[in-house]
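Visitor: need the 3D shape of this:
(2 chains)
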Amino acid sequence: MKSYVSPDYIVERDQDRCIRCKVCTNQCSYDTHCYDEEDDCLYSKNENCVNCQRCATFCPTQAITIRENPNHYRSNANWNQEILTGIKKQAETGGVVLTAMGCDKPNLTYWDRLLLNASQVTNPSIDPLREPMELRTYIGSKPDKLELDFSSGDAVLKTKLAPQLMLETPIMFSAMSYGSISLNVHKSLARAASEYGTYYNTGEGGLEKSLYKYGEHVIVQVASGRFGVHPDYLDAGAAIEIKIGQGAKPGIGGHLPGEKVSSEISETRMIPIGTDALSPAPQHDIYSIEDLRQLIYALKEATDYTKPVFVKIAAVHNAAAIASGIVRAGADAVVLDGIRGGTGAAPRITRDNVGIPIEMALASVDQRLRDEGIRNKASVIAAGGIKSSADVIKAIALGADACYVATAALVSLGCTVCQKCYTGKCPWGIATTDLWLTKRINPDIGAKRLVGLLRGWSLEIMEMMGGMGINAIESVRGNRLLLRGVGLTNTELKILGVRMVGE
Amino acid sequence: MKHLTKVNNPYSDEKVVDACSIFGMMNLKGKRFSAKDPIRAMANMHDRGNGLGGGFAAYGIYPEYKDDYALHIMFLDKDAKKKTSRQINESFNILNEEEMPTQEADVSDPPIMWRYFVQPKNLKLENQTADDFVMETVTQINTKTGKAFVFSSGKNMGVFKGVGFPEDVAKYFCLEEYEGYLWTGHGRFPTNTQGWWGGAHPFSMLDWTVVHNGEISSYGINKRYLEMFGYKCTMQTDTEVMAYAFDLLMRRQHLPIKIVSQILAPPLWSEISTMNPENELAIRALRQTYGSLLMNGPFTIIVAHEGEMIGLTDRIKLRPLTAAKKDDFLFLSSEEAAIRLVSPMLDRVWSPRGGVPVIGRLESLNAMEAKA
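Guide: Presented below is the predicted three-dimensional model:
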């Protein structure tokens, strides 16, 4: 069948600049660039280009420019290019239109409509370069009160605190499974988390054996497929995360195609080489809240109550009530993943239409837990589309203890958010298990770039805190008076618990 | 005078912002002295206020009613007094009631002011203490009509406050006639309120009083944390959350002031990591548990209750506090000059470190504790 879908991008090559070095042909994993020996010239197959910018970045003479295909269908606000192309693709394949990374629609972001405060006159701002500025955060259940014994003079703690994770900055690396991303990316994440004093999450694909030594900075995930879950794995991590849902695809499971299941991945996931790794939509031993409680306590029992257990859900309409149940079920932290959360593969229709923005879910969950007097019992972690240090500090002011970032971490390693992770051919060597491609990430350099990201964002958070006259992150957490909204309706402001600018 | 609670924050700002002068003077042997010196000291710091609020708290002033709750109440009109009197009659046995003695002074628009010496009547719940009952009734009166406001409710102590400079408020209440062993004073410089009588400091609940100079940047979360424990922050002031924090930690959770000061103004993590292991564990747990009560931003407070006066600043000391000792007297003040004015020769003057409390206790109390 002749495809009616036209290429999204046009590759332009400046023939005067091109030196026929063939870097582009080597770098492109989609076979976009071809070399014609007879004519000693390079040409492009536009229909293969995903605009990942790998070739343009590595071309030594900057001879390559990628442009959006100017051949658009007639403009139409409803029947737009994406809709028409999608329908044509489905007509030709009879399948679900796949995509990857987070929702790319503009109308679901609230962060940019929230603005931060700063001190003037009545309260001095603090210069983080000259004064202490504390970002340290502890994740875990806190008691409502402490019992102390003073009989020996000094205070001696009588209350036994639940296990806590210590973060030097309120940013962690979110779950991305080994298989969806490469071992070298996992190595980079693990090393960066260890170096900076934070945590990386294994995702649902288990923990490769060479990474056990980073266990103190690893959060091990238990998801519906239970891939790679065994006693040593649970023991290795600093915390355990039960994954119920994911912001990019609430309510549906996952599918790692058999081609990606190499011998290493087969060993880590504990499945035969080349078989599809199917994650069911629900966890089949959790059909209700009391089932969740059993799994939480089964994991706590298995690890002797030494590690916090997180429960991660996608931000959905009744997130507040669900979160309250999760806390009452005994979770040490609730992870909320908003609609802009990323993924290695999801139906585009689900990614862009199911779930709610993290800002709203976070605000209503934090308030609900406070209304019920149980906010201290669990930490709240916000995830899904956190794209800058400003988003982090705003999330904390709305009520989060910390944020998870994944897309930003991958971008720091080279990712350009081309949304083609599901092809497994990532030219940046990130979302692939093809050894030819994965060696493009050097874990030493990768870790350095990730530490740079953590450090840069942390410094920016300190600057903004200092500007507000605050020198400890716990005074930002849940302090919604630091925020004002702009361009929001009264109802939106009410749910966010934030005043209007100028108010 | 308009609606009492609304007038506190006429523009509905997120909270009242103000700066101030504060002063405390205590005789550690419990010997009572007149308000003359505290008034002079406060007058000396006149320029730190702007005449929109002044007040004093005095301990040991009602020895003849030392076991009764002394309620100081302001009313906006006679009708409010009638209604509130009815409630007081229902809840309490009244041992004495009288109009507060006042005189002509340069204060603005004073409300009607009465005081009652009372004992709670038939406690409703068996496990409710008299203190809890009084606190509940006071909160009820203060939130009910908006026209009656209990601004002092402790035993053998009293708060006197209003709109004017502290020295004028003192004159209005004839404070020189009273003798107490502990006095605190406050002069106010609000930036976003016209000032109303109930909004002046000291802020009090039972025999706890707080005078406060500062603006708490962490107010938003301090308030939300306290709300989880049933407190209603109706006054929208930093001082209110400070007072409730003390109530929660000291009265309800029985934590000693040294621990409370490490909650409100905790040591840095880097300092905690150098403590001995046992202490490190305890102080780290304090910050983990009570992080939402860290008072961030500039403040100095003087907190007082029966037999004790505590001075504390924020952990990086962004507002002033000077402490001094002379014989049996302990002084706390925004400015050393105010102390020197009333006691030129001092045994010791010091500038307390940020977050380190200065604690004055009646010697008899210390002796009692040593025995126990």
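Visitor: A:I461 belongs to a strand?
Guide: No: with DSSP: H, G, I helix; E, B strand; the rest coil as the criterion, A:I461 is assigned helix and is not in a strand.
Visitor: what's around it, how many residues?
Guide: 23 (other Cβ atoms under 10 Å in any protein chain shown). C-beta here means a position set from N, CA and C on the backbone, and glycine is covered the same way.
Visitor: for A:E492, which non-adjacent residue is spatially closest?
Guide: Leaving aside its chain neighbours, A:E492 sits nearest to A:G485 (7.0 Å; criterion: Cβ to Cβ, 6 or more residues apart in numbering or on different chains).
Visitor: do you know the pLDDT at that neighbour?
Guide: In this model, A:G485 is scored at 97, pLDDT.
Visitor: tell me the spacing between it and chain B.
Guide: A:G485 is 13 Å from chain B, where distance means Cβ to the nearest Cβ, to the nearest Å.
Visitor: surely that residue and A:R113 touch.
Guide: Yes: using Cβ atoms under 8 Å, A:G485 is in contact with A:R113, at 5.9 Å.
Visitor: what's the first helix or strand after the helix or strand encompassing B:L330?
Guide: For B:L330, the element it lies in under DSSP states H and E is strand B:329-333. Once strand B:329-333 ends, the next helix or strand along the chain (criterion: DSSP H and E) is helix B:336-342.
Visitor: which residues outside that following helix are in contact with it?
Guide: B:21, B:23, B:25, B:37-38, B:40-42, B:44-45, B:322, B:324, B:331, B:333, B:346, B:349 (Cβ atoms under 8 Å, 6 or more residues apart in numbering or on different chains).
Visitor: re earlier: between A:G485 and A:R113, which one's more packed in?
Guide: With neighbours defined as other Cβ under 10 Å, A:G485 and A:R113 compare such that A:G485 has more, 20 against 17.
Visitor: look up how far A:D112 lies from that one.
Guide: 11 Å (Cβ to Cβ, to the nearest Å).
Visitor: same thing with A:G237?
Guide: 35 Å.
Visitor: residue numbers of the stretch 301-450 of chain A in contact with chain B?
Guide: Taking Cβ under 8 Å from any Cβ of the partner chain as the measure of proximity, the stretch 301-450 of chain A contacts chain B at A:R370, A:G373, A:R375, A:N376.
Visitor: how about the nearest residue to the second one, chain neighbours excluded?
Guide: If the residues on either side of it in the chain are set aside, A:G373 comes closest to B:M228, at 5.1 Å by Cβ to Cβ, 6+ apart.
Visitor: likewise the last one?
Guide: Here the nearest residue to A:N376 in space, its sequence neighbours aside, is A:K142; by Cβ to Cβ, 6+ apart that works out to 4.6 Å.
Visitor: same thing with the first one?
Guide: With Cβ to Cβ, 6+ apart as the criterion, A:R370 has its nearest non-adjacent residue at 5.5 Å, and that residue is B:M228.
Visitor: give the contact list for B:Y244.
Guide: So B:Y244 contacts B:M205, B:L226, B:Y231, B:C233 (Cβ under 8 Å, 6+ apart).
Visitor: so the second one makes contact with B:A245?
Guide: Yes: with contacts counted by Cβ under 8 Å, B:L226 reaches B:A245, the gap being 6.7 Å.
Visitor: what do these two both touch?
Guide: With Cβ under 8 Å, 6+ apart as the test, B:L226 and B:A245 both reach B:L293.
Visitor: and the helices in the stretch 51-200 of chain A?
Guide: Using DSSP state H, counting those that start in this stretch, the helices of the stretch 51-200 of chain A run over A:54-58, A:81-93, A:183-196.
Visitor: winner for burial among those?
Guide: helix A:183-196 (a mean of 24; mean count of other Cβ atoms under 10 Å in any protein chain shown).
Visitor: what's that one packed up against?
Guide: When contacts are defined as 3 or more Cβ pairs under 8 Å, 6 or more residues apart in numbering or on different chains; DSSP states H and E, helix A:183-196 sits against strand A:171-173, strand A:200-201, helix A:443-467.
Visitor: picking up where we left off before, count the residues that sit near the residue nearest to A:N376.
Guide: If you count neighbours by other Cβ under 10 Å, A:K142 ends up with 23.
Visitor: residues touching it, list them.
Guide: Shown in contact with A:K142 (Cβ under 8 Å, 6+ apart): A:L161, A:A162, A:N376, A:K377, B:Q288, B:T289.
Visitor: can you list these in JSON lines and add pLDDT and neighbour count?
Guide: Below are these laid out as JSON lines (pLDDT from 0 to 100; neighbours: other Cβ atoms under 10 Å in any protein chain shown):
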{"residue": "A:L161", "pLDDT": "96", "neighbour count": "17"}
{"residue": "A:A162", "pLDDT": "97", "neighbour count": "18"}
{"residue": "A:N376", "pLDDT": "97", "neighbour count": "20"}
{"residue": "A:K377", "pLDDT": "97", "neighbour count": "20"}
{"residue": "B:Q288", "pLDDT": "97", "neighbour count": "20"}
{"residue": "B:T289", "pLDDT": "97", "neighbour count": "19"}
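Visitor: which two of the residues you listed have the greatest separation?
Guide: Farthest-apart pair in the contacts of A:K142 is A:K377 and B:Q288; separation 13.2 Å (Cβ to Cβ).
Visitor: and the gap between B:T184 and B:R251?
Guide: 18 Å.
Visitor: which of those two has more residues huddled nearby?
Guide: Shown here are B:T184 and B:R251; by other Cβ under 10 Å, B:T184 has more neighbours (30 against 17).
Visitor: can you tell me the closest non-neighbouring residue to residue 297?
Guide: Using chain A here. Counting by Cβ to Cβ, 6+ apart, the residue nearest A:Y297 is A:G330, at 6.3 Å.
Visitor: let me rephrase: I mean chain B.
Guide: Leaving aside its sequence neighbours, B:G297 sits nearest to B:S217 (Cβ to Cβ, 6+ apart; 3.4 Å).
Visitor: with A:A431 instead?
Guide: Nearest non-adjacent residue to A:A431, counting by Cβ to Cβ, 6+ apart: A:C421, 3.7 Å away.
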